[in-house]
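what's the 3D shape of this:
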Amino acid sequence: MGGLVAAVLVFIVWGGITLAAEMGQKKLQREYLALTDDASRATFAKRNINHPLGGLVLLGQANEYYMSGNYAAAKAAYSQAVMSGLKIQPVLLEQAILGEAFSTYALDTARGLEALKVIAKNPNLMQSTRAYAACELAGYYAQKNDFKQAKDYMQLIKTLKEARPWQRQVAMLGEIHPELKDNGKLPSSK
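Predicted coordinates for the structure are as follows:
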């Protein structure tokens, strides 16, 4: 009988915890949907930094800063988003990682290139994220007439199976820069 009472108590406590968590989640979602201005978004993000919605707000702010040309504020917001609750949302997390690198690039080309290189070579990131960074690097080096490095990043993109859009994009580099073609073809993936 004592075991049954203990089991019922555990069930009640567990149910109460689960219900409280669900109610807290719904309250958080309502707060998120009610955000109307920058001040309320900033407060929400600060209060909920470890929750994906807090990270999503930071990512949205970072994107707005970036689009308006405020790269320092964008970089700071992307950096916060990378460390936020987005860690459990890989697609959004990697958007923040890319945004941080591109903001850095806009502020300091050399440091931004290094950040993009780290992304392009990181096998723990999604192939599409790596390809995006590699495509930017291939374009940069092609513009600088550093065709060896451009080809290296083009080759990396060819090896990534989930990089079709980026493969098409770098193929256009071969049309613009004949030096990037090998007998009329992009470098093979041999």
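
Report whether the expected contact of A74 with G99 is present.
Yes - in this structure, A74 is within contact of G99 by C-beta atoms under 8 Å, at 6.7 Å. Placement of C-beta: from N, CA and C, glycine included.

Pick out whichever of those two has more residues nearby.
A74 (25 against 22; other C-beta atoms under 10 Å).

Next, the contact list for the more buried one, please.
62-63, 65-66, 99, 103 (C-beta atoms under 8 Å, 6 or more residues apart in numbering).

Of the residues you listed, which pair is most distant in space?
Comparing all pairs in those by C-beta to C-beta, the longest separation belongs to N63 and S103, at 10.4 Å.

Please identify which of the two sits among more neighbours.
Using other C-beta under 10 Å as the criterion, N63 and S103 rank with S103 on top: 25 against 17.

Not counting its own residues, what contacts the host helix or strand of the more buried one?
Using DSSP states H and E, S103 sits in helix 90-107. Outside helix 90-107, the residues that touch it by C-beta under 8 Å, 6+ apart are 52, 55-56, 58-59, 62-63, 66, 71-72, 74-75, 78-79, 81-82, 86-87, 111-113, 115-116, 118-119, 125-126, 129, 132-133, 136.

List buried residues within these.
The neighbour-count test (16 or more other C-beta atoms under 10 Å) marks 52, 55-56, 58-59, 62-63, 66, 71, 74-75, 78-79, 81-82, 86, 112-113, 115-116, 119, 125-126, 129, 132-133, 136 as buried among the contacts of helix 90-107.

Out of these, which sit inside helices?
Among the buried ones among the contacts of helix 90-107, the ones falling in helices (DSSP state H) are 52, 55-56, 58-59, 62-63, 66, 71, 74-75, 78-79, 81-82, 112-113, 115-116, 119, 129, 132-133, 136.
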